[in-house]
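A.B. asks: show me how the following folds:
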Amino acid sequence: MSIRHDGSGWLNGPPHATALSFGGVDVRYGELSAAVAATSLPHGDRPVACPPDVDAVTLVTRVLAALAQGRPALIGVGEEDVDAAASDLPAGTELALLTSGSSGGRPRLVARTNRSWLASAGPLAGVAGITSADRVAVTGPLHVSMHLYATLHALWAGATATDELDGATIAHATPTRLARMLDGDRCPPSAVVAGAVLSPGLRARAHERGIRLVEYYGAAELSFVLAGSDGGLRAFPGVEVEARRRHATDAARELWARSPYLALGVVGGAGLRRDDRGFATVGDLVEPGPDGGWHVLGRGDSAITTAGATVLAEHVEERLLGLPGVLAAAAVGEPHELLGQRLVAVVELDEGIALDQVAAAARTSLSGAELPRRWFSAPVPRTDSGKVARGALRDAIAAGELGPGRVDAGRSEPGGFGAGEVTAATAAGGAS
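C.D. replies: Predicted structure coming up:
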């Protein structure tokens, strides 16, 4: 017998089944429902703070209690910031999720209805094959939208949400977290992967281990947009997609989506654009993929213009990840007097791999426009959601925190700058 005592629509497991297992503490569905009903929220009708520094069970309980009592839940927001954050919430907001994106800038709140998340629960269960028999590993902090949704979705399915990989039947993970799982001996037989582009090499490693992968592309503002496996992404059930050219000469196209899953709006910054037909975009670019699917290139605002050519940071990162010995990669642009912007790469290297080796391999496998001209060997900073923190990385490079790096003029190509060898060879940070 399922329970829906909290009124939010998320608690659908039998009372004696385990709902949450975090930090070594197991909470049954009946216990969680009772805790939600007993939760005392601050007086009045103001939004409810759900700060990031509380344990997972407390955060989930507080979110569900806010929804049950008709109060907007501010995820990742402390009590001291409630009034400021709440002042601009769109009408009808039930969930507002803090996000900083991957390019820096002030934090933003993505405001949505509870219904917009509930509407995608059934389709995701069908795509990922998640049932009440599953034990779902959530591999990141719950104040991040994709991880909170993964937890609530497990509860919707009547499954168990946990932070333990041991015994899990399926995991929600970013590509970075998936790579770490594959490096160890604890990897569930299935994984739902999102948050960044999954490289072919990492996909191949998962397949070699016999792990079933389900990939999806989405954004906090749009929720689910594309899904699939083997690198072929198509419209997520219930989503209409359009790929629009921003300019007549653009090869890549901007992805627009229309669905019941869209957010109401973004507070504290731009990011979500709508048209009068109900479609919305966050500026991500796509190109046609195999068998009629789509290949996500990345955010248009991560474009780097160098020597008259425009390249996407995510595209460069994907190619760098295909080089031997590269465990993680980030690409950013820095101002340059002749090139406009100089392409800079930060790579985490496997043990025994030298930066010189990677730079040499890049010269033979990347095009002139995509070839980094400055290299660093250092840890790649990431946001809580697992995306490359490009804003923080640009600041660190500009401040000299990574050292001088390794400058490579690249190779000579018609119409481009280059020709020459290494002009400096000091690698900062070392392999990690």
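
A.B. asks: contacts and neighbour counts: CA atoms only from here.
C.D. replies: OK.

A.B. asks: for stretch 173-193, C-alpha coordinates in CSV please.
C.D. replies: Provided in CSV are the C-alpha atoms of stretch 173-193 (Å, rounded to 0.1, in the frame of the first residue of the first chain):
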residue,chain,number,x,y,z
ALA,A,173,26.3,10.6,-11.5
THR,A,174,28.1,13.3,-13.4
PRO,A,175,30.8,12.1,-15.9
THR,A,176,33.5,13.0,-13.3
ARG,A,177,31.8,10.9,-10.6
LEU,A,178,31.3,8.0,-13.0
ALA,A,179,35.0,8.1,-13.8
ARG,A,180,35.8,7.8,-10.1
MET,A,181,33.4,4.9,-9.7
LEU,A,182,35.0,3.1,-12.6
ASP,A,183,38.4,3.5,-11.0
GLY,A,184,37.1,1.7,-8.0
ASP,A,185,35.5,-1.7,-7.4
ARG,A,186,32.1,-0.3,-6.3
CYS,A,187,30.1,0.5,-9.4
PRO,A,188,26.3,-0.3,-9.7
PRO,A,189,25.2,-2.2,-12.8
SER,A,190,23.3,0.8,-14.2
ALA,A,191,24.0,4.6,-14.2
VAL,A,192,22.1,7.7,-15.1
VAL,A,193,24.6,10.2,-16.3
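
A.B. asks: so what's the gap between that stretch and the chain middle?
C.D. replies: Computed by CA atoms, centre = their mean, to the nearest Å, the separation of stretch 173-193 from the middle of its chain amounts to 15 Å.

A.B. asks: now tell me what touches it from outside.
C.D. replies: Residues outside stretch 173-193 that contact it (CA atoms under 8 Å, 6 or more residues apart in numbering): 128, 138-140, 165-172, 194-198, 202, 205-206, 210-216, 328, 385-386.

A.B. asks: okay, helices next: where are they in the stretch 301-432 of the chain?
C.D. replies: All helices of the stretch 301-432 of the chain, identified by DSSP state H, counting those that start in this stretch, fall at 313-321, 355-365, 390-398.

A.B. asks: can you check the stretch 101-250 of the chain too?
C.D. replies: Using DSSP H, counting those that start in this stretch, helices in the stretch 101-250 of the chain cover 114-118, 121-128, 145-156, 175-183, 200-208.

A.B. asks: re earlier: just name the most buried of the helices of the stretch 301-432 of the chain.
C.D. replies: helix 313-321 (a mean of 22; mean count of other CA atoms under 10 Å).

A.B. asks: for that one, packing partners?
C.D. replies: strand 294-299, strand 326-336 (3 or more CA pairs under 8 Å, 6 or more residues apart in numbering; DSSP states H and E).

A.B. asks: what do you get if the cut-off is 10 Å, keeping everything else the same?
C.D. replies: Applying 3 or more CA pairs under 10 Å, 6 or more residues apart in numbering; DSSP states H and E, one finds that helix 313-321 contacts helix 200-208, strand 294-299, strand 303-306, strand 326-336, strand 340-349, helix 355-365.

A.B. asks: least reliable of the ones you listed going by mean pLDDT?
C.D. replies: Out of the helices and strands packed on helix 313-321, strand 303-306 stands lowest, with a mean of 74 (criterion: mean pLDDT).

A.B. asks: quick one: it to chain centroid distance?
C.D. replies: Remark: strand 303-306 is offset 22 Å from the chain centroid, using CA atoms, centre = their mean.

A.B. asks: which residues touch D134?
C.D. replies: Applying CA atoms under 10 Å, 6 or more residues apart in numbering to D134 gives the contacts A154, A157, G158, A159, T160, A161, G167, A168, T169, I170, A171.

A.B. asks: again, 6 Å this time
C.D. replies: With contact taken as CA atoms under 6 Å, 6 or more residues apart in numbering, D134 is in contact with A159, T169.
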